[in-house]
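K.L.:
build the 3D model from these lines:
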Amino acid sequence: MEPIIKLEGINLYYDKGKPTEVWALKDVALEINKGEYCAFFGPSGCGKTTILYVLSGMESERVSSGQVLINGRDIAKFTKRELAVFRQIGVGIVFQQFNLIPSISVLDNVALPMAFLGISLERRRAEAQKLLERLNIAPYANRLPSELSGGQQQRVGIARALANNPPIIICDEPLGNLDSENANKVLEFMKELNTKDGRTVIMVTHEAWSLRDARKIFYMKDGKILKVEEPKESGDVAQAVSKLMYKQLNPNMGENQIMAKSLADLLLRGYSASEVKRFEFFLLQRLSGNIDEDVFREVLDRAYRNGGVGLWKGKAAKISFLVEGVMSQRHTIEQVHEVLEKNPEAPLAEEIQKVRRWLLEEYKGKMDEQQILRLDELIGERVRNIITPQNFEQILNLSKGKFGLGISMRSSNRMAEKLESILGGSEGVAKSMKL
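P.N.:
Next up is the predicted model:
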């Protein structure tokens with residue numbers, strides 16, 4: 001079977017030949033078959049979104065070499081009209097920032113793509129209404145986008161992407177601005193589009209938990225596809241933890257560099273690649289002890305144009321507080337490793353309770369005594385390397401009836417990432433235990 005999308009030796013540059021030149025995609029080759037659910041996964045700035053824009057025809061003119069084949073045809077040989085038609089009916093795009101027109105109603109936002117096909121106003125509004133009903137937002141049809149919540153606006157964005165019934169749906173960080181409840185709703189609908197409608201779904205993400213339904217995952221770094229996985233079961237790949245991913249993809253990096261990269265992705269989700277990179281630089285200086293807490297907080301708050309990261313004061317203070325917590329708990333874990341090296345059976349109740357209190361600082365839910373005891377037990381098992389990072393996350397998310405803690409998927413993921421940020425990774429813990 002011929003793939004619906006095929007990339008062969010794609011190279012793409014921004015500002016080629018200028019001092020600001022960026023080699024965004026490097027000899028990328030891939031195949032996506034009709035009806036597949038695919039995801040591009042990797043850290044910020046690795047080229048994930050650029051690939052989506054190439055696939056959708058939005059960046060095809062920037063490709064320096066290689067071929068983008070859609071149903072066997074080279075997109076570079078499309079006429080302007082053919083390219084316009086492909087963008088209108090061949091692919092639907094869901095954006096992280098929603099990109100709804102603020103001055104027209106929800107109904108008209110969804111109906112707008114049909115206008116470019118010459119469909120009458122009456123018919124396109126009727127079709128848009130059906131899409132809103134399918135996404136359970138029909139009661140908001142006559143409201144402006146600003147009157148809707150983030151989750152509702154994203155569902156409007158999905159409805160608009162479906163307006164011309166495209167066979168391919170492309171989602172660029174669709175969960176970035178959503179809370180866990182709405183993020184799960186969006187993931188469920190994306191799965192439905194794939195399994196029930198038979199559409200090809202292609203998603204970009206840097207959150208491992210959102211890979212749960214993907215059947216082909218492209219791992220990316222620095223404009224390259226490093227590996228491709230095809231999980232057999234739902235959720236098999238959603239076990240990755242950002243720090244461990246960086247450790248695998250950057251084996252020559254020091255511990256502080258790995259931590260700076262993983263924390264930058266964790267704490268600045270939704271920010272631009274340049275903002276994340278600058279934050280990562282200052283974070284590395286703090287982790288290395290080259291600047292103190294006050295200087296770190298000040299550069300976070302300083303305007304980007306003045307050399308800072310450009311966070312507002314409250315956000316800068318919150319992130320600074322979190323980083324100081326990581327550094328403090330990291331010291332606790334180092335002490336734990338020293339104790340375990342001398343006595344692998346040593347009790348760690350005080351240290352584990354300290355780590356648990358830190359993990360729960362941002363958790364909004366409530367835990368009963370049984371859940372707290374179970375969490376302490378899990379932390380101890382993870383510190384002793386009895387369970388893996390993915391085991392830890394999975395048990396957090398399991399229902400209490402199945403001997404888990406019953407924590408939401410997103411909270412479980414964040415808590416697992418937070419714990420891994422202070423551990424040395426599984427290899428480091430194993431070494432301290434002499435395993």
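
K.L.:
where does K364 land in three-state SS?
P.N.:
coil (DSSP: H, G, I helix; E, B strand; the rest coil).

K.L.:
in terms of pLDDT, where does it sit?
P.N.:
At K364, the predicted lDDT confidence score is 82.

K.L.:
ok, E345 next?
P.N.:
pLDDT at E345 comes out at 69.

K.L.:
same check on M245?
P.N.:
Note on M245: pLDDT of 52.

K.L.:
and the one 5 residues further on, by the same measure?
P.N.:
The pLDDT attached to N250 in the predicted structure is 52.

K.L.:
same question, A161
P.N.:
pLDDT, read off for A161, is 94.

K.L.:
now for it: which residues touch it?
P.N.:
A161 makes contacts with G92, I93, V94, I169, as judged by C-beta atoms under 8 Å, 6 or more residues apart in numbering. In short, each C-beta sits where N, CA and C put it, glycine included.

K.L.:
ok, the residues you listed vs T205, which is closest?
P.N.:
V94 (12.0 Å; C-beta to C-beta).

K.L.:
give the burial count for the closest one, as a bare number.
P.N.:
Using other C-beta atoms under 10 Å, the number of residues around V94 comes to 24.

K.L.:
and what of R124?
P.N.:
22.

K.L.:
roughly how far does it sit from N142?
P.N.:
R124 sits 15 Å away from N142, going by C-beta to C-beta, to the nearest Å.

K.L.:
do I5 as well
P.N.:
Taken as C-beta to C-beta, the span from I5 to N142 is 37 Å.

K.L.:
show me where the stretch 51-200 of the chain has strands.
P.N.:
Taking DSSP state E, counting those that start in this stretch as the criterion, the stretch 51-200 of the chain contains strands spanning 63-70, 73-74, 91-94, 168-172, 200-205.

K.L.:
would you list those strands in TSV and tack on distance to R374 and mean pLDDT?
P.N.:
Supplementary listing: those in TSV, determined by distance: least, C-beta to C-beta, whole Å; pLDDT from 0 to 100:
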stretch	distance to R374	mean pLDDT
strand 63-70	50	92
strand 73-74	56	90
strand 91-94	37	92
strand 168-172	35	93
strand 200-205	29	93
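
K.L.:
compare those and give me the one nearest S421.
P.N.:
strand 200-205 (19.2 Å).

K.L.:
can you list the buried residues in the closest one?
P.N.:
Buried residues in strand 200-205, counted by 16 or more other C-beta atoms under 10 Å: T200, V201, I202, M203, V204, T205.

K.L.:
swap in stretch 397-412?
P.N.:
Neighbour-count burial for stretch 397-412 [16+ other C-beta under 10 Å]: N397, G404, L405, G406, I407, S408, M409, R410, S411, S412.

K.L.:
can I get the CA coordinates of that stretch in CSV?
P.N.:
C-alpha atoms of stretch 397-412 as CSV (Å, rounded to 0.1, in the frame of the first residue of the first chain):
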residue,chain,number,x,y,z
ASN,A,397,-2.9,7.0,37.9
LEU,A,398,-4.4,3.6,38.7
SER,A,399,-7.7,3.7,40.7
LYS,A,400,-7.6,3.0,44.4
GLY,A,401,-9.6,-0.1,43.7
LYS,A,402,-6.7,-1.4,41.7
PHE,A,403,-4.2,-0.4,44.5
GLY,A,404,-3.2,2.8,42.8
LEU,A,405,-3.7,6.4,44.1
GLY,A,406,-6.4,7.5,41.7
ILE,A,407,-4.6,10.6,40.5
SER,A,408,-5.5,12.1,37.1
MET,A,409,-3.2,11.3,34.2
ARG,A,410,-1.8,14.8,33.8
SER,A,411,-1.1,15.1,37.6
SER,A,412,0.5,11.7,37.6
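
K.L.:
contacts made by that stretch with the rest, please.
P.N.:
179-181, 183-184, 209, 212, 363, 365, 367, 370-371, 374-375, 378, 393-396, 415.

K.L.:
save the strands of the stretch 51-200 of the chain as TSV, and put in distance to P113 too.
P.N.:
Formatted as TSV, those follow (distance: least, C-beta to C-beta, whole Å):
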stretch	distance to P113
strand 63-70	19
strand 73-74	22
strand 91-94	8
strand 168-172	13
strand 200-205	18
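
K.L.:
contacts only, for the residue lying closest to I158 once chain neighbours are set aside.
P.N.:
Distances taken as C-beta to C-beta, 6 or more residues apart in numbering put V94 closest to I158, at 5.4 Å, once the chain neighbours are dropped. Listed by C-beta under 8 Å, 6+ apart, the contact set of V94 reads Q154, G157, I158, A161, I169, I170, C171, D172, P174.
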